[in-house]
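>>> output the structure for:
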Amino acid sequence: MQTVNIICIGKIKEKYWTDAIAEYRKRLSAFCKFNIIELDEEKAQGNPNSSQIGAILSAEGRRILEKISNNSYVVAMCIEGRQLSSPELSEKLSDAALSGKSNVDFIIGGSWGLSDEVKARADFRLSVSKMTFPHQMARVILAEQIYRAFEIQTNGRYHK
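Model (predicted):
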């Protein structure tokens, strides 16, 4: 069984987001082992300058990279990534499994994004949209799309 992780910076506090993710976690249990790994966000003082932002990205990036296993297929969620349809995402997950990658790690950075090191480690860069979403919503959207991808693979009724 494939393991799918969302490795992300920051914690979700609002019950409505945690409830939504819990629902997709329950649904995904039929298809994969699904985990959300939340890492602490670096605190910024006031209005950080570019070197402070670089230090934040670097510190968060190191923590992210520590959570990625060597045999993971890594998807960096970033604005400059490619946008995929739901069937295309389903195909990506299927291709990862067929190529021997039993772990798929989706990476969501903090409010400043992802470090260059994390992006370099990624096998694929994915953008949910050209629009900007709160990180909590991005996790829910991603969890739903992962569920939809597995439903597509099994010709389930969810994706129409």
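>>> relative to Lys15, how far out is the residue lying farthest from the centre of the chain?
The centre of the chain is farthest from one residue, Gly46, which by Cα atoms, centre = their mean lies 27.7 Å away. Separation of Gly46 from Lys15 (Cβ to Cβ, to the nearest Å): 30 Å. Any C-beta I mention is one placed from the backbone N, CA and C, and that applies to glycine too.
>>> quick check: mean pLDDT of stretch 33-46?
Average pLDDT, stretch 33-46: 92.
>>> just the CA coordinates for that stretch, please, in PDB.
Output of stretch 33-46 as PDB, limited to C-alpha atoms (Å, rounded to 0.1, in the frame of the first residue of the first chain):
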ATOM      1  CA  LYS A  33      -1.600   5.300   4.300                       C
ATOM      2  CA  PHE A  34      -2.100   9.000   4.600                       C
ATOM      3  CA  ASN A  35      -0.200  11.300   7.000                       C
ATOM      4  CA  ILE A  36       0.000  15.000   7.600                       C
ATOM      5  CA  ILE A  37       3.400  16.000   9.100                       C
ATOM      6  CA  GLU A  38       3.200  19.500  10.600                       C
ATOM      7  CA  LEU A  39       6.500  21.300  11.200                       C
ATOM      8  CA  ASP A  40       7.000  24.400  13.200                       C
ATOM      9  CA  GLU A  41       6.900  27.700  11.400                       C
ATOM     10  CA  GLU A  42       9.900  30.000  11.900                       C
ATOM     11  CA  LYS A  43       8.900  33.200  13.600                       C
ATOM     12  CA  ALA A  44       9.600  36.500  11.800                       C
ATOM     13  CA  GLN A  45      10.100  39.700  13.700                       C
ATOM     14  CA  GLY A  46       8.100  42.600  12.200                       C
END
